[in-house]
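Visitor: Next input, structure requested:
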Amino acid sequence: MLLLKAYFPPNQVHDVPPSKHPLLKSLTQQLPEIEEIQRRVVDIISNTAVQEQTRDGAQTLEKFFMGRLMRDLRGKVNASLAQEIIREEIDVHFEIIPPTKKGGYHTVKRR
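Guide: Next up is the predicted model:
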């Protein structure tokens, strides 16, 4: 707020609105690029031990890895993009076997 007041003092007419100011882009936090998100997800998957059995299978893993990614990046990530990347990496790194009986647990194996 103080920064805006310094560049845009009140009671002055401005030729550039605050949203179009050239410094705005450098002052705001940029979201990580796709490659950075994918690298972080692969790093989290490879360095994290997972349970061998889960109630909801891939959904449980997806939520777990999303939480870890959000914690590592302090919530500054596009959630839908991160979910897509996590789903793809789960398919690559894990084999999830459905339960044999109703109400059973999914078996999770690393590939």
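Visitor: helix or strand right after the strand or helix carrying R87?
Guide: Assigned by DSSP states H and E, R87 falls within helix 79-93. Under the assignment DSSP H and E, the closest C-terminal helix or strand after helix 79-93 is strand 94-97.
Visitor: So what's the gap between that following strand and the chain middle?
Guide: In terms of Cα atoms, centre = their mean, to the nearest Å, the centre of strand 94-97 is found 22 Å from the chain centre.
Visitor: Can you work out which other helices and strands pack against that strand?
Guide: Counting contacts by 3 or more Cβ pairs under 8 Å, 6 or more residues apart in numbering; DSSP states H and E, strand 94-97 packs against helix 58-72, strand 106-110. All C-beta atoms are positioned from the backbone trio N, CA, C, and that covers glycine.
Visitor: can you rerun that using 7 Å?
Guide: strand 106-110 (3 or more Cβ pairs under 7 Å, 6 or more residues apart in numbering; DSSP states H and E).
Visitor: Contacts for the strand it packs on next, please.
Guide: With contact meaning Cβ atoms under 7 Å, 6 or more residues apart in numbering, strand 106-110 is reached by 50-54, 57, 61, 93-99.
Visitor: which one of these is nearest Q83?
Guide: Among the contacts of strand 106-110, L61 lies closest to Q83 (Cβ to Cβ), at 11.8 Å.
Visitor: What count of nearby residues applies to the nearest residue to that closest one once chain neighbours are set aside?
Guide: In this structure, L61 finds its nearest non-sequential neighbour in I90, 5.4 Å apart by Cβ to Cβ, 6 or more residues apart in numbering. Applying other Cβ atoms under 10 Å, we find 20 residues neighbouring I90.
Visitor: quick one: I90 and R74, what's the gap?
Guide: Per Cβ to Cβ, to the nearest Å, I90 is found 23 Å from R74.
Visitor: With I45 instead?
Guide: Using Cβ to Cβ, I45 is found at 19 Å from R74.
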